[in-house]
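**Student:** got a sequence here, can you model it:
(one chain, ligands or ions: 2)
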Amino acid sequence: MAAGAVFSRNWALLSGLRYGRKVRLFHSSSLLRDAPPLPQASFFPPSEGTMLPPHSFQNRVAFITGGGTGLGRAMTHGLSELGATCVIASRKLDVLQKTAEEITAQTGNKVFPLQCDVRDPQAVTQCLDQMEKLTGLPQVVINNAAGNFVSPSERLSPNGWRTIVDIVLNGTAYVTLELGKRLIQQGKGAAFVAITTIYAESGSGFVVPSASAKAGVEALYKSLTSEWGRYGLRFNIIQPGPIRTKGAFSRLDPTGAFEESMLGRIPAGRLGTPAEIKNLALYMCSDYATWMSGAVVRLDGGEYVSMAGEFNDLRKVTSEQWDLIESMIRKTKGS
Ligand SMILES: CCCCC/C=C\C/C=C\C/C=C\C=C\C(=O)SCCNC(=O)CCNC(=O)[C@H](O)C(C)(C)COP(=O)(O)OP(=O)(O)OC[C@H]1O[C@@H](n2cnc3c(N)ncnc32)[C@H](O)[C@@H]1OP(=O)(O)O
Ligand SMILES: NC(=O)C1=CN([C@@H]2O[C@H](COP(=O)(O)OP(=O)(O)OC[C@H]3O[C@@H](n4cnc5c(N)ncnc54)[C@H](OP(=O)(O)O)[C@@H]3O)[C@@H](O)[C@H]2O)C=CC1
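**Tutor:** Residues are numbered from 1 along each chain as shown. Ligands and ions are numbered 1, 2, ... in the order given. Purely as a prediction, here's the structure:
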């Protein structure tokens, strides 16, 4: 079914709410099921395993914000599997503790949970003090924590704006600047990765605080690439396309009405997986990527360019329709 038709059908289902019909209201319940991948997805199966050789991060420390859930958890798992001692930090200590225990049990390498709201610079300082005592400074830093929700911009309050910009841009800056200062002082190098999004470049309606803050993160990282390379610090950026995590989908598509139309614009025909982000992030932080700095890598199954191309909707034209179009164009010869 064409993406537009899918969207209309799903939206009609939701509209049924107004007439008292029973439809799924939340992303996790059942009427609007998770959209199935498109047929071409069978050409592009995701590989879940960890790509780099064993021990690639042996004797290294990694600090991952938002490491308790979603993509942060996947990256923590991968680093730990390859030998790193990991420190994960976010607001919910219970979530962090559970993740830390599970990963430590699976990999045999210690994961330390530290409570930290990255919006608060003092909390960041205290968290990094604790980390230094536990593990010393990290060689790998992943700024992954984020906040987001879809909302028409005219509904945003100043605090709604501030909340997202504080988590995404200010939080990343507090962590990066404080760690950078400490690393520089101790003469130690490190690899930083920030997780942004494909709309950091284009901007996007309905997620304006997130788009603005992620663009700021990219500017921060590109700027520090140039300024702090001389201290042994390198900075790279991953722009993921859509990946089903509870944190993202519950705030960006809570009804599930948009998932199918979103799939229709991804040439690979499927969502990404946390493991795909994990493998790219691990590569960027590894010794195989010491010449990589200031890079911005989009990992989105082709969605971004697919949305940008003026003529890409012609995918919907059938072979018979092309016969007609071609004959009409050919008739213009000599005119
Ligand atoms: C076209 C189809 C698209 C389909 C898309 C589907 C999939 C995704 C595809 C791509 C994804 C691309 C990018 C993804 C980027 C991400 O960042 S995803 C990660 C998302 N994860 C999280 O957000 C986790 C953390 N989030 C939170 O904790 C909360 O959601 C929050 C960010 C709100 C922070 O919580 P808290 O500090 O408790 O804040 P408050 O609840 O007090 O709220 C602060 C102010 O914000 C206002 N607000 C909250 N929600 C909304 C809303 N939905 N609409 C408008 N305003 C909202 C709230 O009212 C507070 O302001 P006031 O004090 O009332 O003025
Ligand atoms: N999933 C997707 O489709 C996409 C995701 N991304 C990006 O990937 C990254 C991970 O997102 P994803 O895993 O999907 O979603 P999650 O919601 O699972 O991850 C967000 C993490 O950020 C943490 N966090 C939120 N606020 C704060 C705060 N104030 N201080 C410290 N930590 C905080 C949360 O932990 P806690 O609640 O404990 O604080 C949570 O672990 C984000 O940067 C997101 O923007 C980008 C494009 C697409």
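
**Student:** hey, let's count contacts and neighbours off CA atoms from now on
**Tutor:** OK.

**Student:** tell me which residue is most central in this structure.
**Tutor:** For the chain, the residue nearest the mean C-alpha position is P240 (4.5 Å; Cα atoms, centre = their mean).

**Student:** wouldn't it be in contact with I198 here?
**Tutor:** Yes - taking Cα atoms under 8 Å as the definition, P240 is a contact partner of I198 at 6.2 Å.

**Student:** list the residues that contact both of those two?
**Tutor:** Residues touching both P240 and I198 by Cα atoms under 8 Å, 6 or more residues apart in numbering: 298, 300.

**Student:** circling back: ok, the residue nearest to the centre of the chain - contacts?
**Tutor:** Contacts here follow Cα under 8 Å, 6+ apart; on that basis P240 touches 195-198, 277, 298-300.

**Student:** so which of these belong to helices?
**Tutor:** Mapping the contacts of P240 onto helices (DSSP state H) picks out I277.

**Student:** out of the contacts of P240, which is nearest to I184?
**Tutor:** Nearest to I184 among those is I195, at 22.9 Å by Cα to Cα.

**Student:** what count of nearby residues applies to that closest one?
**Tutor:** By the criterion of other Cα atoms under 10 Å, I195 has 25 neighbours.

**Student:** that one contacts I237, doesn't it?
**Tutor:** Yes - I195 is in contact with I237 according to Cα under 8 Å; the separation is 6.0 Å.

**Student:** so what pairs up with the residue nearest to the centre of the chain in the strands?
**Tutor:** L299 (DSSP bridges).

**Student:** relative to ligand 1, how far out is it?
**Tutor:** Distance of P240 to ligand 1, computed by Cα to the nearest ligand atom, to the nearest Å: 7 Å.

**Student:** is any residue of stretch 120-133 near ligand 1?
**Tutor:** No - contact between stretch 120-133 and ligand 1 is absent, the nearest approach being 11.7 Å (criterion: Cα under 6 Å from any ligand atom).

**Student:** in that stretch, what counts as buried?
**Tutor:** 121, 124-125, 127-128, 131 (16 or more other Cα atoms under 10 Å).

**Student:** could you do stretch 50-66 as well?
**Tutor:** Those buried within stretch 50-66 under the rule 16+ other Cα under 10 Å are 50-52, 56-57, 60-66.

**Student:** say whether ligand 1 is contacted by the lengthiest helix in the chain.
**Tutor:** In the chain, assigned by DSSP H, the helix with the most residues is helix 208-228. No - shown here: helix 208-228 not in contact with ligand 1 (Cα under 6 Å from any ligand atom), separated by at least 6.8 Å.

**Student:** which secondary structure elements does that helix contact?
**Tutor:** helix 158-165, helix 171-186, strand 190-195, helix 199-202, strand 233-240 (3 or more Cα pairs under 8 Å, 6 or more residues apart in numbering; DSSP states H and E).

**Student:** could I get the buried residues of stretch 120-133 as JSON lines with pLDDT, distance to A145 and secondary structure?
**Tutor:** What follows is these, written out as JSON lines (pLDDT from 0 to 100; distance: Cα to Cα, whole Å; DSSP: H, G, I helix; E, B strand; the rest coil):
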{"residue": "P121", "pLDDT": "98", "distance to A145": "15", "secondary structure": "helix"}
{"residue": "V124", "pLDDT": "99", "distance to A145": "13", "secondary structure": "helix"}
{"residue": "T125", "pLDDT": "98", "distance to A145": "16", "secondary structure": "helix"}
{"residue": "C127", "pLDDT": "98", "distance to A145": "15", "secondary structure": "helix"}
{"residue": "L128", "pLDDT": "98", "distance to A145": "15", "secondary structure": "helix"}
{"residue": "M131", "pLDDT": "98", "distance to A145": "17", "secondary structure": "helix"}
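
**Student:** nearest to Q139, of the residues you listed?
**Tutor:** M131 (12.5 Å).

**Student:** who in this structure is up against ligand 1?
**Tutor:** 146-149, 151, 156-157, 159-160, 163-164, 197, 241-242, 247-249, 252-253, 258-259, 262.

**Student:** what do you get if the cut-off is 5 Å, keeping everything else the same?
**Tutor:** Contacts of the chain with ligand 1, taken as Cα under 5 Å from any ligand atom, map to 146-148, 151, 157, 159-160, 242, 247-249, 252-253, 258.

**Student:** now name the helix or strand holding E320.
**Tutor:** helix 319-330 (DSSP states H and E).

**Student:** now the strands: where do they sit in the stretch 51-200 of the chain?
**Tutor:** Along the stretch 51-200 of the chain, counting by DSSP state E, counting those that start in this stretch, strands occupy 61-65, 85-90, 111-115, 140-143, 190-195.
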